[in-house]
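Novice: what follows is a predicted structure for the sequence shown.
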Amino acid sequence: MSPTSPPESLPVAIVGAGQAGLAMSHALLERGLRPAEDFVLLDAGSAQTLSWRRRWDSLTLFTPAWHSHLPGLGMPGAQGRYPSSKEVAEYLDLYRASLGVEPKWGTRAVSVHPQRDDSLVLQTSTGSLRARAVVAATGPFAIPQYPGFANDIAVDGANLHSDAYRNPDQLSDGPVLVAGSGNTGIQIARELSAHRCVSIAQGSPQPRLPQRLLGVDLFRWLQLTGGLSVPSNGRIGRRISRRELVVGPGLVDLASRGVHLLPRAVDGNRDRISFADGVERRFESVIWATGYRNGFGWLPEAVVGADGTLDQQDGRTPIRGLYVLGDAWLRNRGSALLGGVGTDARLIARHIVP
């Protein structure tokens, strides 16, 4: 694709070559479509910059290996263990090779425009492409999110988002604030507590469940009780999707490790941060475990609102032929998980290839 040539024409374009894009590729292959000839997989980065390679070294999933794979290929190794981020990245490399799909790396989606003939023209950083269907599969972890005052912080040590955190060696020896008490913040604070004086700033209260109940993994219970398939547009789904579920040891465990539990961080200036209790405290390093925004900003306003909320039903948007995949709670709790995104992809594939 070049900026001056007429749009290349293909039946389907998938934007995003992470787990959602690969699940979509598999679903299209099942429907008889051929890579390169019938569909193309695009990604702004490279195989080395996909999200699972941008996680801290000690990260482990809270889903066991048996629930941490895409359709058609299991996660290698013992199925009861909790895979590391490195293992997930290597698994996705293996999965991509098994599909025979070679993404067009370095191709960023800029916009998509519906045409009178019901096709879509996808504008990218390398040119334009005309397709009958476009699947936005960039997922919920595309753009690191910070509080507004983060730009005013100028600590002596590290000042970084969890997306850039890898291990304690990045931090100086002084006091560390982990801002955010979801799964990411708790895991990072736990790791740092063995090496540093650590505080964690809590946001909204979040529900917590243990990793195992009566010796059985939590996700086995969720599978047996239907908890993973609660629809996002139902009364229960709307209520529980508002807050992240913390899985495993929580704030009480951190306190037992000497981590200081602080209220929400509300403002800051240089190396001092103000908290909801009115107290200002000094830190040498700050890690922002404050989540991400999805990467759907290139979609039309008819699909994505100013706050990033998607107008979709089971992945179908109001624009004919335009689909979204891989976002948190797209259909249910499993929509953004390795073990659940494949089901959503197959539903979309049935619409694309009846």
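Specialist: Great, that's in hand. Numbers count the residues shown, from 1 in each chain.
Novice: distance between stretch 202-215 and the chain's centre?
Specialist: 20 Å (C-alpha atoms, centre = their mean, to the nearest Å).
Novice: phi, psi of G80?
Specialist: When read as degrees, to the nearest 10, the backbone of G80 gives phi -90, psi -10.
Novice: any idea how far it is from G215?
Specialist: 11 Å (C-beta to C-beta, to the nearest Å). Just so you know, the C-beta spots here come from the backbone N, C-alpha and C atoms, and that holds for glycine as well.
Novice: ok, the two, which is more surrounded?
Specialist: Under the neighbour definition other C-beta atoms under 10 Å, G80 and G215 were set side by side, and G80 has more, 9 against 5.
Novice: check contacts around the more buried one.
Specialist: Taking C-beta atoms under 8 Å, 6 or more residues apart in numbering as the contact definition, G80 lies against 64-66, 217.
Novice: please convert these to TSV, extending it with neighbour count.
Specialist: As requested, the contacts of G80 are exported to TSV (neighbours: other C-beta atoms under 10 Å):
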residue	neighbour count
P64	21
A65	22
W66	17
D217	19
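Novice: and the two most separated of those?
Specialist: Farthest-apart pair in the contacts of G80 is A65 and D217; separation 10.5 Å (C-beta to C-beta).
Novice: ranges for the helices of the stretch 201-350 of the chain?
Specialist: For the stretch 201-350 of the chain, the helices defined by DSSP state H, counting those that start in this stretch occupy 218-225, 235-240, 251-256, 341-352.
Novice: which parts of the stretch 51-200 of the chain are strands?
Specialist: 104-105, 109-114, 120-124, 127-136, 143-144, 159-161, 176-179, 198-201 (DSSP state E, counting those that start in this stretch).
Novice: which other helices and strands contact the fourth one?
Specialist: Identification of packing neighbours for strand 127-136 by 3 or more C-beta pairs under 8 Å, 6 or more residues apart in numbering; DSSP states H and E yields strand 8-15, strand 120-124, strand 322-324, helix 341-352.
Novice: centre of the chain to it, how far?
Specialist: Remark: strand 127-136 is offset 23 Å from the chain centroid, using C-alpha atoms, centre = their mean.
Novice: quick revisit: out of the helices of the stretch 201-350 of the chain, which gets nearest to N159?
Specialist: helix 251-256 (21.4 Å).
Novice: output that closest one as PDB, nothing but the C-alphas.
Specialist: Extracted as PDB, the C-alpha positions of helix 251-256 are listed here (Å, rounded to 0.1, in the frame of the first residue of the first chain):
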ATOM      1  CA  LEU A 251      -4.400  -5.000  50.300                       C
ATOM      2  CA  VAL A 252      -4.400  -6.900  53.600                       C
ATOM      3  CA  ASP A 253      -1.600  -9.000  52.300                       C
ATOM      4  CA  LEU A 254       0.300  -5.900  51.200                       C
ATOM      5  CA  ALA A 255      -0.100  -4.400  54.700                       C
ATOM      6  CA  SER A 256       1.400  -7.600  56.200                       C
END
